[in-house]
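**Student:** give me the fold of what follows.
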Amino acid sequence: MKNLIKDKDSYAKLDKKDILNHILDQIQELKGVSTRSSQDRENFKSTSWPYLQAYEMGFMKALNQLEEIITIK
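**Tutor:** Here you go, the predicted model:
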């Protein structure tokens with residue numbers, strides 16, 4: 001997904017709600033990457049598997065907290 005916030009021309013056209021929605025989309029994409037990484041079969045063969053899982057769980061928790069902060073209710 002293209003990061004519209006880093007592109008000056010695209011950013012100038014966005015309002016606050018669009019920016020928050022774009023950030024939420026980025027968070028969803030990162031959550032998908034994290035989920036796929038934690039379920040990768042190759043990781044299960046690693047002796048450091050528990051550390052990899054702990055990292056992914058912490059990362060997901062941080063993403064969930066960010067999502068809660070910026071979600072418009």
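**Student:** SS state for the residue lying farthest from the centre of the chain?
**Tutor:** Distance from the centre of the chain peaks at T47, with 26.0 Å (CA atoms, centre = their mean). Under DSSP: H, G, I helix; E, B strand; the rest coil, the three-state class of T47 is coil.
**Student:** for the helix or strand of the chain with the lowest mean pLDDT, C-alpha coordinates in CSV please.
**Tutor:** The weakest-scoring helix or strand in the chain, judged by mean pLDDT, DSSP states H and E, is helix 8-12 (a mean of 75). Extracted in CSV, the C-alpha atoms of helix 8-12 (Å, rounded to 0.1, in the frame of the first residue of the first chain):
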residue,chain,number,x,y,z
LYS,A,8,3.5,15.8,-0.4
ASP,A,9,1.0,16.1,-3.2
SER,A,10,-1.3,13.4,-1.8
TYR,A,11,-0.9,14.6,1.8
ALA,A,12,-2.1,18.1,0.8
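**Student:** report the buried residues of that helix.
**Tutor:** Neighbour-count burial for helix 8-12 flags no residue at all (criterion: 16 or more other CB atoms under 10 Å). The C-beta positions use only the backbone N, C-alpha and C, and glycine is treated the same way.
**Student:** in whichever helix or strand comes after that helix, what counts as buried?
**Tutor:** Scanning forward in sequence from helix 8-12 by DSSP states H and E, the next helix or strand is helix 16-38. Of the residues in helix 16-38, 22-23, 26-27, 34, 38 count as buried by neighbour count, 16+ other CB under 10 Å.
**Student:** packing partners for helix 16-38?
**Tutor:** Helices and strands touching helix 16-38, by 3 or more CB pairs under 8 Å, 6 or more residues apart in numbering; DSSP states H and E, are helix 49-70.
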